[in-house]
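Enquirer: Got a sequence here, can you build the structure:
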Amino acid sequence: MSETASTPARIIAVGGGKGGVGRTLLASGVAVFIASIGKKVLLVDAHPERSPLAEIFGVARPSSSAPPWLPHASGDRGHETVVANVRLLEGAAGRRPPPSRSRLREIAARSGADLCVVDLGPGVRGRTLDVLLDADAALTMATPEPEAVEEVYRVLRHSFVRRLAKRFRGIGHADALARLRAAVRVSGAPPLPLELAESLCRAVPDLERIIWGEFSQGRLRLVMNQSRARSDLDLGEAMVRVAHRPMGPVLEYLGAVEFDDAVLMASRRRRPVLLDAPAAKASRNLERIARRLLSVEGGRLLANAASPLAAMGPAPPPVQPLSTAPAPPTHYEILALDRGASDEEIRRAYRKTREIYAAEGIALAGVHTDEEVARMIARVEEARDVLLDPSRRRPYDLSITPSDPFMGAMFAALDRVEEPPLPGLTEPELTPDTEFTGALLRAIREARGVELRGVASRTKISQHYLRAIEDEDFRALPAAVYTRGFVVEVAKYLHLDVEQVARTYLRRYRKATET
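Expert: Numbers count the residues shown, from 1 in each chain. Just a heads-up that it's a prediction; the model follows:
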């Protein structure tokens with residue numbers, strides 16, 4: 001490695017949460033992958049207890065009489081390892097506390113590495129949280145069990161308190177700091193960040209902007225380990241959704257590592273799994289997670305080294321901090337939907353959300369009481385009922401439209417396009433087996449009092465093509481891929497089952513064009 005780097009190495013910290021969930025596996029996997037693309041990595045073993053990293057990376061003990069838990073003496077550049085471009089520095093190993101964040105920054109600056117990966121170990125110790133909060137990318141790991149899930153939420157609670165305390169000390173607000181400590185002491189542990197933020201804003205209203213700003217800042221990337229079933233793969237996304245409101249938009253899901261015997265075999269051989277079994281499921285999962293980590297950072301982690309991964313483009317814009325309390329979630333946000341979602345998308349989102357808030361939902365561990373879960377389920381049911389009812393969805397969409405003059409004018413113009421329902425027209429009855437023809441789409445549109453120019457204005461599809469769809473003038477329509485896109489937009493506008501409309505209409509289109 002070179003003696004100096006053009007820019008101090010960025011730090012990826014892996015820590016927090018429950019013990020034994022696989023943080024060392026994740027840290028070593030990320031380090032090996034980045035080294036495999038030709039970048040220099042300093043892997044720091046800051047685990048408070050003995051870690052197997054030295055054995056895994058082939059760092060020999062100075063003598064056969066030295067106990068295995070004794071850290072290997074080295075400078076800030078660490079030891080050479082059996083993995084090219086990876087050096088290992090042991091910073092704790094049970095004999096001393098983990099390095100402080102300032103010490104880690106010094107080590108990273110002197111290492112000559114492109115990137116510094118730190119294995120912090122489990123728990124919510126002060127130094128562990130400080131390094132996670134200070135790192136350029138903070139990762140934690142969980143397994144699909146309630147205790148591991150609850151520990152991730154525990155890290156989020158303690159991190160919010162840690163950020164607030166640091167901010168209050170920075171501005172010299174002793175009263176706010178005392179109230180923060182009192183709130184934690186009364187609860188016996190940090191409360192949910194939303195509840196804590198609301199109580200502090202009532203006590204010190206002059207700090208409302210700072211409190212809500214910290215509530216919405218900070219990112220903790222989550223990796224799920226030992227996934228066996230589809231529900232395990234979905235658990236990470238469920239945790240992000242559950243944590244979003246009570247803990248802020250601070251949890252991000254990177255992916256899952258499937259249960260794989262290759263991990264155990266590599267551990268027995270004392271080799272990194274990416275080297276011991278590069279084609280194994282776990283190895284491919286770790287590589288995918290490392291690639292995604294570099295991708296979501298927009299090349300920022302490797303900005304000091306010229307490489308295709310470093311040239312992914314500018315880093316994503318930072319999340320804008322809140323200045324006031326977050327607004328209650330809309331029906332779309334509750335179901336994790338876009339405003340233009342079709343009926344079928346709404347039904348799928350409802351089923352998925354209902355599974356998250358089921359009685360045995362692991363993602364709820366340590367967050368909601370039974371009463372709160374019941375209230376949330378009621379909101380989920382209400383969201384489904386409103387969004388699947390066209391007569392209720394349209395007024396609701398208008399009610400949640402931002403109070404912006406331009407947006408208001410735009411919706412007013414669209415409203416003028418649509419006229420009252422025509423007398424004597426009733427909407428055709430639809431079933432799961434309905435075949436959608438052009439005539440049926442016209443009958444539905446006219447029964448809802450929508451003129452063709454209204455559909456064209458909202459979907460940006462010319463009236464020429466819309467008329468051809470309803471007349472089934474297939475010769476006037478473009479290729480099937482484009483026609484399908486037109487039909488999908490019409491189905492979304494009319495709040496129909498998008499997949500069924502596209503499938504049945506395209507079947508008629510292909511049959512006619514082939515004939």
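
Enquirer: What are the boundaries of the helices in the stretch 151-300 of the chain?
Expert: Using DSSP state H, counting those that start in this stretch, the helices found in the stretch 151-300 of the chain span residues 174-187, 193-203, 208-215, 230-247, 261-269, 273-276, 281-296.

Enquirer: Can you identify the element that follows the helix or strand of the chain with the lowest mean pLDDT toward the C-terminus?
Expert: When each helix and strand of the chain is scored by mean pLDDT, DSSP states H and E, helix 405-417 comes last, with a mean of 43. Elements were assigned by DSSP states H and E; along the chain past helix 405-417, the next helix or strand is helix 438-447.

Enquirer: So, low pLDDT: which residues of the stretch 1-150 of the chain?
Expert: Low-confidence segments of the stretch 1-150 of the chain (pLDDT under 70): 1-7, 61-76, 91-98.

Enquirer: so where do the helices sit in it?
Expert: Remark: helices assigned in the stretch 1-150 of the chain by DSSP H, counting those that start in this stretch are 23-36, 53-56, 101-110, 126-134, 146-171.

Enquirer: so which of these is the most packed in?
Expert: Mean neighbour count (mean count of other Cβ atoms under 10 Å) peaks for helix 23-36 among the helices of the stretch 1-150 of the chain, with a mean of 26. C-beta: built from backbone N, CA, C; applies to glycine.

Enquirer: Out of the helices of the stretch 151-300 of the chain, which is closest to Arg347?
Expert: helix 230-247 (17.1 Å; Cβ to Cβ).

Enquirer: any weak-confidence spans in the stretch 351-500 of the chain?
Expert: In the predicted model of the stretch 351-500 of the chain, residues 359, 401-426 satisfy pLDDT under 70.

Enquirer: now do the stretch 201-350 of the chain
Expert: 298-299, 303-320.

Enquirer: Tell me how far the spatially most central residue of the chain lies from Val296.
Expert: The geometric centre of the chain, computed from its C-alpha atoms, lies nearest to Glu252 (Cα atoms, centre = their mean), at 3.0 Å. Distance of Glu252 to Val296, given as Cβ to Cβ, to the nearest Å: 8 Å.

Enquirer: after the helix or strand hosting Arg453 comes which helix or strand?
Expert: Using DSSP H and E, the element containing Arg453 is helix 452-459. Next helix or strand after helix 452-459 toward the C-terminus (DSSP H and E): helix 463-471.

Enquirer: Work out the gap between that following helix and the centre of the chain.
Expert: How far helix 463-471 lies from its chain's middle: 41 Å, per Cα atoms, centre = their mean, to the nearest Å.

Enquirer: Quick check: buried residues in that helix?
Expert: Residues of helix 463-471 classed as buried by neighbour count (16 or more other Cβ atoms under 10 Å): Tyr465, Leu466, Ala468, Ile469, Glu470.

Enquirer: Surely the residue nearest to the centre of the chain and Val240 touch.
Expert: Yes. The pair Glu252 and Val240 passes the contact test of Cβ atoms under 8 Å, sitting 6.7 Å apart.

Enquirer: list residues touching both of the two?
Expert: The contact sets of Glu252 and Val240 overlap at Leu222 (Cβ atoms under 8 Å, 6 or more residues apart in numbering).

Enquirer: related to what we said a few turns ago, and the closest residue to the residue nearest to the centre of the chain other than its chain neighbours, how far from Ser227?
Expert: Closest residue to Glu252 apart from its sequence neighbours, by Cβ to Cβ, 6 or more residues apart in numbering: Arg221 at 5.1 Å. Relative to Ser227, Arg221 is positioned 16 Å away (Cβ to Cβ).

Enquirer: do Arg103 as well
Expert: When Cβ to Cβ is the yardstick, Arg103 and Ser227 sit 35 Å from each other.

Enquirer: next one: Asp338
Expert: Asp338 is 27 Å from Ser227, by Cβ to Cβ.

Enquirer: What of Pro249?
Expert: Distance from Pro249 to Ser227, by Cβ to Cβ: 24 Å.

Enquirer: again, but for Tyr253
Expert: Using Cβ to Cβ, we find Tyr253 at a distance of 12 Å from Ser227.

Enquirer: Comparing the two, which residue is more hemmed in?
Expert: Ser227 (22 against 18; other Cβ atoms under 10 Å).

Enquirer: got a list of what that one touches?
Expert: Pro144, Leu233, Leu235, Ala256, Val257, Glu258, Phe259.

Enquirer: and the nearest residue to Pro478 once chain neighbours are set aside, what is it in contact with?
Expert: The shortest distance from Pro478 to any non-neighbouring residue, by Cβ to Cβ, 6+ apart, is to Tyr465 (7.7 Å). For Tyr465, the contact set (Cβ under 8 Å, 6+ apart) comprises Ala476, Leu477, Pro478, Phe486.

Enquirer: And for Leu88?
Expert: Leu42, Leu43, Val44, Asp45, Leu53, Ala54, Phe57, Val59, Gly78, His79, Thr81.
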